[in-house]
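Chemist: let's see this in three dimensions:
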Amino acid sequence: MPDYSELDRQSLERIASFFKVFAEPTRLAILQLLRKGPASVNDLVAALSTSQANVSKQLKTLHAADLLNREPRGTQVIYSISEPIVFDLCELVCSKLNRRARAEAAVVYEI
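Modeler: I've put the predicted structure just below:
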């Protein structure tokens, strides 16, 4: 197993850049939708109630991070998840947030 305690600055910057991909709610919503299966830009626009330009911009970012596959089909492009690790990361973060929420709720009810 690699020793991540001794990463150089360039490696740390690449890791930070990867995590920035998850810092936009629309990107997370796209990943959530694509978890159910491949979808076109039009499908995603309809499901997200946002502009086609915004969805396309977010898809470009996710694709550039190697998280999505793009498959041209006629006049449409179909997107799918290429790196399922994104769901492991999301589950870790959700678990952490749920633990915090439960701890805060316990404190509120003790008053």
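Chemist: switch to C-alpha atoms for all contacts and neighbour counts from now on
Modeler: Will do.
Chemist: quick check: closest non-adjacent residue to the residue at minimal distance from the centre of the chain.
Modeler: Note on the chain: the residue nearest the mean C-alpha position is Leu28, at 4.1 Å, using Cα atoms, centre = their mean. Distance criterion Cα to Cα, 6 or more residues apart in numbering; nearest residue to Leu28, sequence neighbours excluded, is Phe22 at 6.4 Å.
Chemist: now do Thr26
Modeler: Thr26 sits nearest to Gln58 (Cα to Cα, 6+ apart), 7.1 Å away.
Chemist: run through the strands of the protein in chain order.
Modeler: Ranges of strands in the chain, per DSSP state E, are 39-40, 68-73, 76-81.
Chemist: mean neighbour count, mean pLDDT and distance to Glu6 added to these, as TSV?
Modeler: Converted to TSV, these look like this (neighbours: other Cα atoms under 10 Å; pLDDT from 0 to 100; distance: least, Cα to Cα, whole Å):
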stretch	mean neighbour count	mean pLDDT	distance to Glu6
strand 39-40	18	98	40
strand 68-73	15	96	30
strand 76-81	18	96	31
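Chemist: dump those to JSON lines, plus distance to Leu92.
Modeler: Shown next, in JSON lines, are the strands of the chain (distance: least, Cα to Cα, whole Å):
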{"stretch": "strand 39-40", "distance to Leu92": "25"}
{"stretch": "strand 68-73", "distance to Leu92": "20"}
{"stretch": "strand 76-81", "distance to Leu92": "18"}
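Chemist: for Arg14, find the nearest of the ones you listed.
Modeler: Closest to Arg14 of the strands of the chain is strand 68-73 (Cα to Cα; 18.1 Å).
Chemist: who's in contact with the closest one?
Modeler: Contacts to strand 68-73, defined as Cα atoms under 8 Å, 6 or more residues apart in numbering, come from residues Leu59, Leu62, His63, Val77, Ile78, Tyr79, Ser80, Ile81, Ser82, Glu83.
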